[in-house]
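# Build me a model:
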Amino acid sequence: MSNKNIKSSPQAKFGEFLRTLGLSENETAVYLASLQLGNAIVKDIAKRARLNRTTTYNILLQLRKMGIVSSYQKNNIIHFSAAEPHRITDLLNKRIQKQNELKNLLNNLLPEIKVLYRKQASGASIKIFEGIDSMPDIYGSVYRNLRPNTESLEFTNWGGKYDLFPEQFRYDMFEKLQKQGIWSRSMLIEDDMTRSWYEKSKEGNLAEQRKKIKLLSNPGWDFFCNIELYENRFAIVTYKDDIDFQGVLIESNELSSMFRFLFDAVWSVE
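Take a look at the predicted model:
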């Protein structure tokens, strides 16, 4: 008999169907051996399936759980036999039912999964901070995982509110940026304090600190805010007084790129 005829035999086709149903190669071999032998002991089934006894026995127990093999004991020896072929239909129906249950479960979960996917795809997250005590947390979140020779951007209207920033916190944050070799560009709303800093920067005192400052005239707007941007995250902070201190930390590639573009556009204006 040619190999082609063997491959197309009913037994081969049935074995292929069983594997499609989810049975492994060994499970299929054991089931077919049991089907051919009828009632048989493990030794004979293992010989027909060309597997060792231990493997065959364990597989027979698994097939019994599936309901496609039965067993009985005679003279203290366990005999196994393949269940009637129609039991394969029962197994198939169970698999179909399980697949339908999984499909329904997935359909119910899809809306939540899509939300998670969109969030992951955009890389966006938002955190809200309130109270002056949260200041170290919000700025620490912006300037975490610093990479040498990168750049931070700042837009601020400190006015007379700079003292709200604890002195030690200011010192620690600036030192951290300097140690990591972070370049910073600051656009500051003009007042007495920022003019003083600007004059120092022109004298070169700030160059060693890798800082550049640009002053913006205040058309009379009364606002107190600060925007700190580093890589893909930025903080928007309002601090009219220590009671109203609030901040929002946003991590987003798209929004950070937009703020960086706006910053550079204003910075380039003479």
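# Would you map out the domains in this protein?
Domains of the chain are assigned by automatic domain parsing as 3-83, 123-267.
# Any stretches of the stretch 101-250 of the chain with poor pLDDT?
Scanning the stretch 101-250 of the chain with the threshold set as pLDDT under 70 gives 113-124, 158-167, 201-209, 219-223, 240-243.
# quick one, helices of it?
135-142, 167-179, 192-202 (DSSP state H, counting those that start in this stretch).
# Any chance of JSON lines for these, columns distance to Val42?
Placement of C-beta: from N, CA and C, glycine included. Listed next are the helices of the stretch 101-250 of the chain as JSON lines, based on distance: least, CB to CB, whole Å:
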{"stretch": "helix 135-142", "distance to Val42": "64"}
{"stretch": "helix 167-179", "distance to Val42": "70"}
{"stretch": "helix 192-202", "distance to Val42": "87"}
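# from those helices, which stretch is densest packed?
Among the helices of the stretch 101-250 of the chain, ranked by average contacts under mean count of other CB atoms under 10 Å, first place goes to helix 135-142 (a mean of 19).
# what helices or strands is that one leaning on?
strand 125-130, helix 167-179, strand 225-230, strand 233-238, strand 246-251 (3 or more CB pairs under 8 Å, 6 or more residues apart in numbering; DSSP states H and E).
# repeat that with 7 Å
helix 167-179, strand 225-230, strand 233-238, strand 246-251 (3 or more CB pairs under 7 Å, 6 or more residues apart in numbering; DSSP states H and E).
# Make CSV from these and add distance to Arg210 to it.
Shown next, in CSV, are the helices and strands packed on helix 135-142 (distance: least, CB to CB, whole Å):
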stretch, distance to Arg210
helix 167-179, 7
strand 225-230, 14
strand 233-238, 19
strand 246-251, 24
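# Select, out of those, the one closest to Thr156.
strand 225-230 (4.2 Å; CB to CB).
# what's next to the closest one, contact-wise?
For strand 225-230, the external contacting residues (CB atoms under 7 Å, 6 or more residues apart in numbering) are 139, 142-143, 152-157, 234-238, 256, 259-260.
# gap between Gly140 and Glu231?
For Gly140, the distance to Glu231 equals 14 Å [CB to CB, to the nearest Å].
# no, scratch that, I was asking about Ser70
Counting by CB to CB - Ser70 and Glu231 are separated by 65 Å.
# Phi and psi next, for the residue lying farthest from the centre of the chain.
Residue farthest from the centre of the chain, counting by CA atoms, centre = their mean, is Asn75 at 58.7 Å. When read as degrees, to the nearest 10, the backbone of Asn75 gives phi 50, psi 40.
# Thank you, goodbye.
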